[in-house]
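J.: Dropping the sequence and predicted coords here.
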Amino acid sequence: MILYHGSNASVEEPKIFVSDRRLDFGSGFYMTSSFEQAERWADHTMQRRKNGMPTVSVYTLPDNFKDLLNVKFFPEPNEEWLHFVVANRRGHILQNEYDLIIGPVANDQTISTIMLFEDGFLDVDTAIRHLKPQKLKDQYVIKTEKALKFLKIKEVKKL
């Protein structure tokens with residue numbers, strides 16, 4: 001399997017970052033199966049940090065990774081995904097038992113729905129109904145050193 005990481009620099013030796021930023025699936029090393037999504041992340045990261053060059057690092061993960069790792073997979077934005085993302089964004093989940101988490105990324109279009117749910121203005125069913133029609137890209141988040149060992153750099157593309 002091919003995965004992409006967009007940043008303002010090449011990342012040939014990925015690391016699990018523990019950050020105070022509140023991300024969908026918590027701390028970890030974030031990637032996507034969409035090159036276009038990685039390009040957007042690279043541009044966004046460069047603009048936010050105001051240095052570097054938009055870069056997409058390309059990795060391989062063994063096709064049998066689900067047999068080798070403890071994987072949590074959210075196939076779509078559902079109630080479990082919504083509660084998991086909200087808990088991570090609030091900093092309530094500091095660690096879990098997963099080596100790798102896969103699921104939809106909460107993007108700029110979804111953030112307002114998630115915030116309305118977080119603040120109690122939308123119930124679960126209404127929030128999910130608003131999220132489902134959106135074509136959300138995926139995110140793969142490496143959570144453990146064990147999983148990181150299976151990730152191999154393939155190439156680096158400067159944009």
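T.: Right, received. Where do you want to start? The shown structure was predicted, so the numbers you read here are calculated from the model rather than taken from an experiment. Numbers count the residues shown, from 1 in each chain.
J.: Show me what the helix-or-strand element of the chain with minimal mean pLDDT is packed against.
T.: Between all helices and strands in the chain, the lowest mean by mean pLDDT, DSSP states H and E belongs to helix 108-118, at a mean of 83. Where contact means 3 or more C-beta pairs under 8 Å, 6 or more residues apart in numbering; DSSP states H and E, helix 108-118 is packed against helix 79-89, helix 124-131. Bear in mind the C-beta positions are built from the backbone N, C-alpha and C, glycine included.
J.: what distance separates the longest one from the middle of the whole chain?
T.: Relative to the centre of its chain, helix 79-89 is centred 13 Å away, using C-alpha atoms, centre = their mean, to the nearest Å.
J.: tell me what it is packed against?
T.: Short answer (3+ C-beta pairs under 8 Å, 6+ apart): helix 79-89 packs on helix 108-118, helix 124-131.
J.: Tell me which strands the next helix or strand after the shortest one pairs with, and in which orientation.
T.: Which is helix 124-131. As assigned by DSSP states H and E, the chain's next helix or strand after helix 124-131 is strand 138-142. According to DSSP bridges, strand 138-142 forms sheet pairs with strand 29-31 (antiparallel), strand 100-104 (antiparallel).
J.: Below-threshold pLDDT in this protein: ranges please.
T.: For the chain, the stretches flagged by pLDDT under 70 are 94, 108, 133.
J.: Show me the residue at the heart of it, geometrically.
T.: Relative to the mean C-alpha position of the chain, the nearest C-alpha, by C-alpha atoms, centre = their mean, is the one of residue 139, at 3.6 Å.
J.: That one against residue 88, yeah?
T.: No. Using C-beta atoms under 8 Å, residue 139 is not in contact with residue 88; the gap is 11.8 Å.
J.: hey, what's in contact with both of those two?
T.: 24-25 (C-beta atoms under 8 Å, 6 or more residues apart in numbering).
J.: tell me the secondary structure for residue 156?
T.: strand (DSSP: H, G, I helix; E, B strand; the rest coil).
J.: Bridge partners for it, pull those for me.
T.: Applying DSSP bridges, one finds that residue 156 bridges with residue 57.
J.: what helix or strand is residue 6 on?
T.: strand 2-7.
J.: Packing partners of that strand?
T.: Strand 2-7 packs on strand 29-31, helix 35-49, strand 55-60, going by 3+ C-beta pairs under 8 Å, 6+ apart.
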